[in-house]
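In: Fold the following for me, if possible:
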Amino acid sequence: MKFHYIARAIIQLDGKYLLVRSIGDTNTFLPGGHIELGETAHQAIKRELLEEFGKKATVLNFVGAVEHLWPEILKNNHEINLLFNVAVDGLDSSKAPAALEEHLELLWTSAAELDTVNLQPYPIRKYLQEKHSFSGAFWGSSMSV
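Out: Residues are numbered from 1 along each chain as shown. Next up is the predicted model:
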C-alpha cells in the first residue's frame, strides 16, 4: 500500500471552481499536491500552485479533510487530502490558466458540472455541490465505515 499526504486548494471565482486534469485522463482534481517532508500544508499549496500554473496563492482557511482509497494494478493507494479555501490574484474565470507542467491541463467548472468532469475524490465533489461557505471543518471519506 502507498500513502499520500496531500494539500488541495479550493479556488472559486464567479461560481466556478479551478480544477486540474492529467492530459488524457478522465478524472479531475483540485489544484495542489503532495506535502513534502518538513513542509507545512500551506507551504505545499503555495509551492504546488506556482509549479502548476505560476501564480502566488493566499491560503484563507482550512475547510476540511477527505480520506480516499483506490486500487492500482500492483498496489492499493490511501490518501489524506487537506482542503483549504485559497485566493489567487490575476485569474479570469472565462479562461483557464496555462499549465506549466506539460502533463497537466487546467479548467474552470461549475458545481453542476463536477459530475461530468469526475472530480476526485468524490466526497470533495459532493461537498462542493452542497456547500459554498467553506466555514467549519468538513470530513469526507470514500472508504466504507
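
In: In contact with Ala96, which residues?
Out: 18, 105-108 (C-beta atoms under 8 Å, 6 or more residues apart in numbering). The C-beta positions use only the backbone N, C-alpha and C, and glycine is treated the same way.

In: just Leu30 next, same as before
Out: Contacts here follow C-beta under 8 Å, 6+ apart; on that basis Leu30 touches 8-11, 17-20, 81, 83, 119, 124.

In: One more pass at 6 Å, please.
Out: 8-9 (C-beta atoms under 6 Å, 6 or more residues apart in numbering).

In: how far away is it from Ile73?
Out: 25 Å (C-beta to C-beta, to the nearest Å).

In: Val20 too?
Out: Distance from Val20 to Ile73, by C-beta to C-beta: 23 Å.

In: So which of these two has more stuff around it?
Out: A count of neighbours by other C-beta atoms under 10 Å puts Val20 above the other of Val20 and Ile73, at 24 against 4.

In: My guess is Asp14 contacts Lys95. True?
Out: No: using C-beta atoms under 6 Å, Asp14 is not in contact with Lys95; the gap is 11.7 Å.

In: which residues of the protein fall in helices?
Out: Remark: helices assigned in the chain by DSSP state H are 41-53, 122-130.

In: With mean neighbour count added, can I get those in JSON lines?
Out: Putting the helices of the chain into JSON lines (neighbours: other C-beta atoms under 10 Å) gives the following:
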{"stretch": "helix 41-53", "mean neighbour count": "19"}
{"stretch": "helix 122-130", "mean neighbour count": "18"}
